[in-house]
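In: Fold the stuff below for me.
(chains A and B)
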Amino acid sequence: MDHIFNEEQRMLKDSVERLVAQRYRFEDRRAIVASGAGWSRAIWGEFADLGLLALPFAEQYGGMGGEDGKAGAPIETLIVMQAFGRGIVVEPYLPTVVLGGGLLRHGAGGALQAELIPAVAEGKKLLAFGYAEPQSRFNLANVRTRAQKDGSGFRLDGRKSVVYGAPMADGLFVTARTAGGERDAQGISVFYLDATTPGLTRRDYATVDGTRASELTLQGVKVGAGALVGKLDQGLPLVERVLDEATAAVCAEASGAMSVLNDKTLEYARTRLAFGQHLSEFQVIQHRLVDLRVAVEYGIAVAMMATLKLNASESERRRAVSAAKAMLGRDSRYVGQTAIQLHGAIGMTDDLDIGHYFKRLTTIGWLFGNSDHHRRRFWAQWRGSDAHAQNNREAA
Amino acid sequence: MELELIDLTPEERAFRDEVRSFFDENLTPAMRRAGRMVTWFFSEFEYGKRWQQILDKKGWGAPYWPVEYGGTGWTPRQFYIYELECMRYTPPQPMSMGLGLCAPCIMEFGTPEQKNEYLPRMRAGLDWWAQGYSEPGSGSDLASLRLSAVSDGDDYVLNGSKIWTTYAQYANRIFCLVRTSSEGKKQAGITFLLADMNVPGMQVRPLINIAGDHEFNQVFFNDVRVPKSRRLGEENQGWKVARHLLKYEHGGGRLSGELGRRLALVTEIAALESDGYGGALIDDPDFSRELAEVAMGVEAIEFANLQVLSAMREGEAPPPAFPLLRIRSRELGQRLTELGMEAVAYYAAPFQPEARRVDNPATPIGPEHAVNATPFYFNQRAATIAGGTPDIQHNNLARGLLGL
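Out: Here you go, the predicted structure:
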């Protein structure tokens, strides 16, 4: 799919891939994952130097997101995420640049943009976004956290689950209900708060895929009127758009991780002997290796499909992103499982990189909605209904 | 859980009540937790050991063994009743390579001395056996193994290594396939030894798995001496013993509540999880469709197992077609762990082995029912690797059963 990239994009691809290949070898990653912070400031600095942290923002911030940053830089983001997938990079690029950056680009007012975007672009500030709650599963409209008017500002109370990147974040975005009932699409608003805001507590932890996340508890958290990101009560379309961008980004990441697993598994099958021949000489194994490659090529294709539709109409965007995620969720699991299966027990060890790719692909499988969720969302768009299939069911 | 025998005779009802009251009296909450926090096949070792010793005192240490060796002589329906109660009570699962794999071989090939020395100690939970089969270069192609045993007076001297030896860190004995000859076919130079662990020259290296757990090991042999009296069967006839063992490797000839236990677990998780739209996940049309598919498979396998077991006489090896019925169980077992992980959604993410401990577990980050879901899924990927891949099983069946 390289043919789709222009000269500049090819250069970006080369430099990010080089950075990952040289500075993010499996041993480097292992040391970063095992470190107290769980990410490398030095690597982050190199991302900044390469311009990766500015990528989707407006030109005035050094980004490639056009005049106002709304268009983002979908193809460039795909290139970066694919390379990160190849190295299973654990630095919080997705929470900071894709999720946080997306909320800033699509929702934040000029003041907040001016305050945060340069700091993000320079690598000085990290961000995270809490949108899931213990009861919400994959329904973005399922928000119990409440934000009540408090003088000119708001008072937030509630809980956010599995907020990737929160332990290292300087600023956090959260969804909160400003009106309506627990699962109403209306009445959701997005707020920005400094990580040190009183009343905000975190429980930080490592995740199975080598990154870090937190449980957030908000208890009487007071924020000013300027903390509101986007329109009051009308936050859901903003959230959905940003999560679609993030979903396309993890599709790209998955496709990168899948290609590595495919290459490594093929190589292993060519060298491992069993019953006097190489694994790759057994027909049953050959067929499986072809299936692996098919899954990888589909993965690359659908990641691109989702990426190219991010700035299309809302319906087209949803359809493409959900189709890609539903397919990739299944195919990436197949690739991860098959890579382990063909490696045998050695693929089950913490020592080998295979299992770590498998684990990241496992997480991506359900992150921002599993295949069931996205299949339904795709179907709701495909058959021309605006409403979410699940909402229809609930109303019925 | 609907796996149930409904038409119990008065004797069977009395038996079930006996099992229940025995479990009620002997299973502490910690032990039941040990039975639930399993990610491979065995509970935390100390709990498994304690439970084995309790079972043996009751006379239930090795129910499947022939009565002459201390088996219970239960009818197939009694076994089934017992397994159903195990599913409910989740007792600890002791490491079972000795009881389940080595014992049938000792019964078949052992000398009277060997039978007397090893079988009672196994049953009583005094000896714990590791399985020395795979080697770094020999996995599914087991017969290519190279660990060498050279004759030296009354001993063999062993050099080489065994790998993927589950729970070798707890074992005091290890049964091993070793190479005593490189003449002729590779199967023809293999010998089966009953060795001690923790002897000079033997070293156990932990291998951490993808869930972060220490289940596997590599065991190194450096001039380890094993007396010839510890040989099971004839020299260079070890493959015959190994083949006998393989009949038992995937639970051949016994019922196992394992699939039912997993099904019950997933069902429980799905009932507790929200679908995100105001209902329970268990009523979600997509999730329940998947779960129903697996549940039907489990019912069919349990039924077929019971049929086969009823047709077998005590102590007999399972019929040759039995593997055909079992062939789906490993994949079904994996699928169930996959559904369990899928069910907990975002709470599949936390890496928190300390919340899975039986003693003093850490406060879980997500709901308690989520703590074991992801490691269970991860570790069960090995279910279609250990004991030979399904590809090998297919090859063997194509040759052996279909005559191709």
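In: how close does the residue of chain A found nearest chain B get to A:Q186?
Out: Proximity of chain A to chain B (C-beta to the nearest C-beta) peaks at A:R137, 3.1 Å away. (Glycine included, C-beta is placed from N, CA and C.) From A:R137 over to A:Q186 the distance is 20 Å, taken as C-beta to C-beta, to the nearest Å.
In: neighbour-wise, which of those two wins?
Out: A:R137 (24 against 14; other C-beta atoms under 10 Å in any protein chain shown).
In: What are the neighbouring residues in contact with that one?
Out: Counting by C-beta atoms under 8 Å, 6 or more residues apart in numbering or on different chains, A:R137 touches A:373, B:273-277, B:281, B:345-346.
In: Strand partners (parallel or antiparallel) of the host helix or strand of B:Q218?
Out: Per DSSP states H and E: B:Q218 is located in strand B:214-227. Sheet pairing of strand B:214-227 (DSSP bridges) gives strand B:155-163 (antiparallel), strand B:202-208 (antiparallel).
In: which parts of that strand are buried?
Out: Neighbour counts over strand B:214-227 (16 or more other C-beta atoms under 10 Å in any protein chain shown) mark B:215-221, B:224, B:226 as buried.
In: Just send these back as CSV, with distance to B:D56 too.
Out: Formatted as CSV, those follow (distance: C-beta to C-beta, whole Å):
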residue, distance to B:D56
B:E215, 24
B:F216, 27
B:N217, 26
B:Q218, 31
B:V219, 27
B:F220, 32
B:F221, 31
B:V224, 30
B:V226, 27
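In: quick check, nearest of those to chain A?
Out: B:F216 (7.2 Å).
In: Pick out the residue of chain B closest to chain A.
Out: B:G276 (3.1 Å).
In: how about that residue, secondary structure?
Out: coil (DSSP: H, G, I helix; E, B strand; the rest coil).
In: Look up how far B:Y377 lies from it.
Out: 21 Å.
In: How about B:R231?
Out: 40 Å.
In: Which neighbouring elements make contact with the helix or strand hosting A:R377?
Out: In this assignment (DSSP H and E), A:R377 forms part of helix A:371-382. Under the contact criterion of 3 or more C-beta pairs under 8 Å, 6 or more residues apart in numbering or on different chains; DSSP states H and E, helix A:371-382 touches helix A:314-343, helix A:389-395, helix B:285-311.
In: just those: most buried one?
Out: A comparison of these by mean neighbour count, using mean count of other C-beta atoms under 10 Å in any protein chain shown, puts helix A:314-343 on top with a mean of 23.
In: by contact count, what packs against that helix?
Out: Against helix A:314-343 (3+ C-beta pairs under 8 Å, 6+ apart) you get helix A:235-271, helix A:283-308, helix A:354-366, helix A:371-382.
In: could you list every residue that touches the residue lying closest to B:T389 once chain neighbours are set aside?
Out: Closest residue in space to B:T389, ignoring its immediate chain neighbours: B:S140 at 5.3 Å, by C-beta to C-beta, 6 or more residues apart in numbering or on different chains. By C-beta under 8 Å, 6+ apart, B:S140 lies in contact with A:274, A:344, B:388-389, B:391-392.
In: again with B:F41
Out: B:93, B:96, B:166, B:258.
In: Now pLDDT, distance to chain A and secondary structure too, for these, in CSV please.
Out: What follows is those, written out as CSV (pLDDT from 0 to 100; distance: C-beta to the nearest C-beta, whole Å; DSSP: H, G, I helix; E, B strand; the rest coil):
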residue, pLDDT, distance to chain A, secondary structure
B:Q93, 95, 19, coil
B:S96, 93, 19, coil
B:T166, 96, 10, coil
B:E258, 87, 19, helix
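In: Out of those residues, which two sit at the greatest distance?
Out: B:T166 and B:E258 (15.5 Å; C-beta to C-beta).
In: ok so, going back, mean pLDDT lowest where, among the helices and strands packed on helix A:371-382?
Out: Mean pLDDT values for the helices and strands packed on helix A:371-382 show the minimum at helix A:389-395, a mean of 51.
In: which outside residues touch the lowest-mean-pLDDT helix or strand in chain B?
Out: Least confident helix or strand, chain B: helix B:238-249 with a mean of 86, by mean pLDDT, DSSP states H and E. Contacts to helix B:238-249, defined as C-beta under 8 Å, 6+ apart, come from residues B:100-102, B:104-105, B:108-109, B:133, B:142-143, B:177-178, B:180, B:187-188, B:190-193, B:232-233, B:253-254, B:317-318, B:387-388.
In: go with 7 Å
Out: Helix B:238-249 is contacted from outside by B:100-101, B:104-105, B:108-109, B:143, B:177, B:187, B:190-192, B:232-233, B:317-318, B:387, using C-beta atoms under 7 Å, 6 or more residues apart in numbering or on different chains.
In: quick one: the helices in the stretch 251-400 of chain B?
Out: Listed from the start of the chain, the stretch 251-400 of chain B has helices (DSSP state H, counting those that start in this stretch) covering B:258-272, B:285-311, B:322-344, B:373-379, B:390-400.
In: Any buried residues in the first one, and which?
Out: Along helix B:258-272, these residues count as buried under the neighbour rule (16+ other C-beta under 10 Å): B:258-267, B:269-270, B:272.
In: Dihedrals phi and psi, the closest residue to A:L308 other than its chain neighbours?
Out: Leaving out its chain neighbours, the residue that sits closest to A:L308 by C-beta to C-beta, 6+ apart is A:P74, at 6.9 Å. Main-chain torsions, A:P74, degrees, to the nearest 10: phi -60, psi -50.
In: Tell me how far A:P74 lies from A:A83.
Out: For A:P74 relative to A:A83 (C-beta to C-beta), the value is 15 Å.
In: between the two, which one's more packed in?
Out: A:A83 (25 against 22).
In: OK, contacts around the more buried one?
Out: Counted by C-beta under 7 Å, 6+ apart, A:A83 has contacts A:16-17, A:20, A:256.
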